[in-house]
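Chemist: Structure of the sequence below:
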Amino acid sequence: MSFREAFWCWCRVALLSFGGPAGQIAVMHRILVDEKRWVSENRFLHALNYCMLLPGPEAQQLAIYIGWLLHRTWGGIVAGTLFVLPGFLSILALSILYAGYKELRFVDALFYGLAPAVMAVVVEAVIRIGKRALKNAAMFAVAGVAFAAIFFFEVPFPLLVLGAALLGLAGAKVWPERFLVIRLHAAPSGIAQDADGGLAVSDYGLAHDAPTPARTLGVLAVWLTLWLSPLAVLAATQGWNSLWVQEGVFFIKAAVVTFGGAYAVLAYIAQQAVGTYGWLQPGEMLDGLGMAETTPGPLIQVVQFVGFMGAYRAAEAGQLGELTPMTAGALAAVLTTWVTFTPCFLWIFLGAPYIERLRGHKPLTAALSTITAAVVGVILNLAVWFALHTIFEQVDESRTLGMRLLVPVWSTIDFAALLIAAGAFIAMFIFRTGMIITLAAAVAAGLVYRLGLTVP
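Modeler: Got it, this is the predicted structure:
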């Protein structure tokens, strides 16, 4: 296939990439394997398994991987960039609308119904990942400990990932039947295995997939420079204590611990962005998550909204010199997107030539299994935290025996938000309504309530 043909194909994939990683991977499979027959079933699954081991959005990394297979480095760059671009533009537009015009009743009403419905989406993620990861008592215990550690003791998410990985590596040796839960080489649900591998172009011999030390060093030098140089320039010109460097460093850390999907790291981002840095108000994280859920591209693109709002508010307070709030927000959106997604290219271009060595590697499989089990507990923490701050207008904190307890003020309960949340749960879990339809109905309910039933 020509590079031109691949370019337009990746545009099509990007514009159809709704529904989270499962939906995005299914779209790529349908177009690249079934329709175009550019990649065989086995090669597609092998690439997907490698991407599952990496931090970051696996669907975007899979696009980079297959683009690299088909047209080398530039193929991967085009595929990965196009995959993110529609979501970036959409969330930038929604962030501008949210920050600049939320005081308008229509805009406020537009976002009012979204946050309660997103709670149902997060709970659905807990159940979906839990079915895949919690296969025995050991994995349930890992999930429970992870929930308690982050919810009550505020253990940082990166430490949970590291602890789960080390536990999995040890478990692979002493108790493999309990820790080898996720079978990396099983086909995803709804994707049938190919008997003969098909006639995919990428199954023919590829000259560019041979790993060499020189190539490895070159990839490291180029992509580490691209990833970190904007932050170095900002630190040199603005100082290490500037908002730009704070956001850059924070989202670089978030990018390297995004194991188990975006929902896992969102709890870490929400706690830090709200409690530590003050970039967001508690309920605003749900609004940003709703933006990411209803636009194409990776869910982790919500970091763009967090960066935008942090810089917007800093500029409003006069902390960013002569920059207007909108300009500051747009620049922060570009910065956070850059430091979040650039490492995805590094992981693929660096590791793809070595993936054959990962086939059947039991310690890595056990580490991934244990990390995913811990992620279930982390996402459950996210669901509880979001629910409290959405249904109640005021949530107090108390501390006892080293634990943090969140205590809702019952007199501040928002019955309309509770009703919309209940409707979203019923739609998704009883009537099996799709996510996009559920969120659209919730937005409509919010519009009716805020515009038609409340006093201006």
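
Chemist: Count the residues that sit near P156.
Modeler: Applying other CB atoms under 10 Å, we find 15 residues neighbouring P156. No exception for glycine: its C-beta is placed from N, CA and C like everyone else's.

Chemist: That one is in contact with Y268, isn't it?
Modeler: Yes - if you go by CB atoms under 8 Å, P156 and Y268 touch, sitting 6.9 Å apart.

Chemist: Determine the number of other residues adjacent to the nearest residue to F152 once chain neighbours are set aside.
Modeler: Using CB to CB, 6 or more residues apart in numbering and skipping the chain neighbours, the partner closest in space to F152 is M403 (4.4 Å). Neighbourhood size, M403 [other CB under 10 Å]: 12.

Chemist: Can you verify my assumption that M403 contacts F153?
Modeler: Yes - between M403 and F153 there is a contact at 6.3 Å, judged by CB under 8 Å.

Chemist: how many other residues sit next to E322?
Modeler: 7.

Chemist: Same check on K131?
Modeler: If you count neighbours by other CB under 10 Å, K131 ends up with 10.

Chemist: do the one 4 residues further on as well
Modeler: Using other CB under 10 Å, K135 has 16 other residues around it.

Chemist: quick one: it is in a strand?
Modeler: No - secondary structure assignment (DSSP: H, G, I helix; E, B strand; the rest coil) places K135 in coil, not in a strand.

Chemist: isn't it right up against E177?
Modeler: No - using CB under 8 Å as the test, K135 is too far from E177 to be in contact (10.3 Å).

Chemist: quick one: contacts for V302?
Modeler: Listed by CB atoms under 8 Å, 6 or more residues apart in numbering, the contact partners of V302 are 91, 262, 266, 269, 285, 288-289, 291-292.

Chemist: roughly how far apart are A416 and G113?
Modeler: 9 Å (CB to CB, to the nearest Å).

Chemist: Compare those two and say which is more crowded by neighbours.
Modeler: A side-by-side neighbour count of A416 and G113, using other CB under 10 Å, places G113 first with 28 against 16.

Chemist: Could you pull up phi and psi at the more buried one?
Modeler: Main-chain dihedrals, G113, degrees, to the nearest 10: phi -80, psi -10.

Chemist: got it, and E397?
Modeler: Dihedral angles (degrees, to the nearest 10) for E397: phi -120, psi 140.

Chemist: which residues of the stretch 301-450 of the chain score low on pLDDT?
Modeler: 355-361 (pLDDT under 70).

Chemist: Tell me which stretches of it form strands.
Modeler: Using DSSP state E, counting those that start in this stretch, the strands of the stretch 301-450 of the chain run over 395-400, 403-408.

Chemist: list the contacts for G130?
Modeler: Contacts of G130 (CB under 8 Å, 6+ apart): 143, 376.

Chemist: Look up how far V142 lies from it.
Modeler: In terms of CB to CB, G130 sits 11 Å off from V142.

Chemist: go on, A441?
Modeler: In terms of CB to CB, A441 sits 36 Å off from V142.

Chemist: okay, the two: which has more neighbours?
Modeler: V142 (29 against 17).

Chemist: what helix or strand is that one on?
Modeler: Using DSSP states H and E, V142 maps to helix 137-151.

Chemist: Count the residues that sit near G288.
Modeler: 30.

Chemist: Which element, helix or strand, includes it?
Modeler: helix 284-293.

Chemist: Quick one: distance of that helix to the chain centre.
Modeler: How far helix 284-293 lies from its chain's middle: 12 Å, per CA atoms, centre = their mean, to the nearest Å.

Chemist: Let me see the contact set for M139.
Modeler: Applying CB under 8 Å, 6+ apart to M139 gives the contacts 133, 178, 181, 369-370, 373.

Chemist: my bad, should have said W74
Modeler: F3.

Chemist: what do you get for P86?
Modeler: Shown in contact with P86 (CB under 8 Å, 6+ apart): 14-15, 17, 295-297.

Chemist: and those residues, which are buried?
Modeler: 14, 17, 295-297 (16 or more other CB atoms under 10 Å).

Chemist: which of the residues you listed lies closest to V78?
Modeler: A14 (10.4 Å; CB to CB).

Chemist: L85 is in contact with that closest one, correct?
Modeler: Yes - using CB under 8 Å, A14 makes contact with L85 at a distance of 6.5 Å.

Chemist: Can you pull the residues that touch both of the two?
Modeler: Here A14 and L85 have G297 as joint contacts, going by CB under 8 Å, 6+ apart.
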